[in-house]
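K.L.:
Here is a sequence together with a model predicted from it:
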Amino acid sequence: MLLVDDDANFRRALAIALRLDGLEVGEATTAAEARDVLAEGRFTAVLVDLLLQDGEAHGLLEQLCLESPARLAIACSPHPEALAAAKERIPGVAPLRKPFPAALLRALVETRARSEAVCS
């Protein structure tokens, strides 16, 4: 799971919780940094904060959904209207409203992994 969020406190706390649950977690603060990490091909799920300061959240999510449809792309925001707009604009994106418990994110990733295993 790659966490793309420029809020260091949120990103680090979520990363710790997910690592304690046994997930491999990477962190990025910008869309450009996320693209560099994703080029390595390690992560099958990416959580992107729609409020990234670099303004590239939507572009990153669009790229993920177009180039890697098997990768789970999750948009997160505290604003429901922003999540609805992202889901409408970028088919395939999973919306997740902040704040959310790490267990909810983990369940989303695990559900996706189980459905892929069944379809494979």
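P.N.:
Done, it's in.
K.L.:
Ramachandran angles for the spatially most central residue of the chain?
P.N.:
With the centre of the chain defined as its mean C-alpha position, the nearest residue by Cα atoms, centre = their mean is residue 47, 1.2 Å away. Backbone dihedrals for residue 47, given as degrees, to the nearest 10, come out at phi -100, psi 120.
K.L.:
mind checking which helix or strand residue 36 is in?
P.N.:
Assigned by DSSP states H and E, residue 36 belongs to helix 31-38.
K.L.:
Show me the contact partners of that helix.
P.N.:
2, 4, 26, 28, 43, 46, 48, 52, 54, 56-57, 59-60, 63-64, 68 (Cβ atoms under 8 Å, 6 or more residues apart in numbering). Where you see a C-beta, it was placed from the backbone N, CA and C, and this is true even at glycine.
K.L.:
at 7 Å what do you get?
P.N.:
The contact list for helix 31-38, computed with Cβ atoms under 7 Å, 6 or more residues apart in numbering, reads 2, 4, 26, 28, 46, 52, 54, 56, 57, 59, 60.
K.L.:
Between which two of these is the distance greatest?
P.N.:
Pairwise distances across the contacts of helix 31-38 peak at 19.1 Å for 26 and 59 (criterion: Cβ to Cβ).
K.L.:
Quick check: buried residues in stretch 44-58?
P.N.:
By 16 or more other Cβ atoms under 10 Å, the buried positions in stretch 44-58 come out as 44, 45, 46, 47, 48, 49, 50, 51, 52, 56, 57, 58.
K.L.:
Thanks a lot, see you next time.
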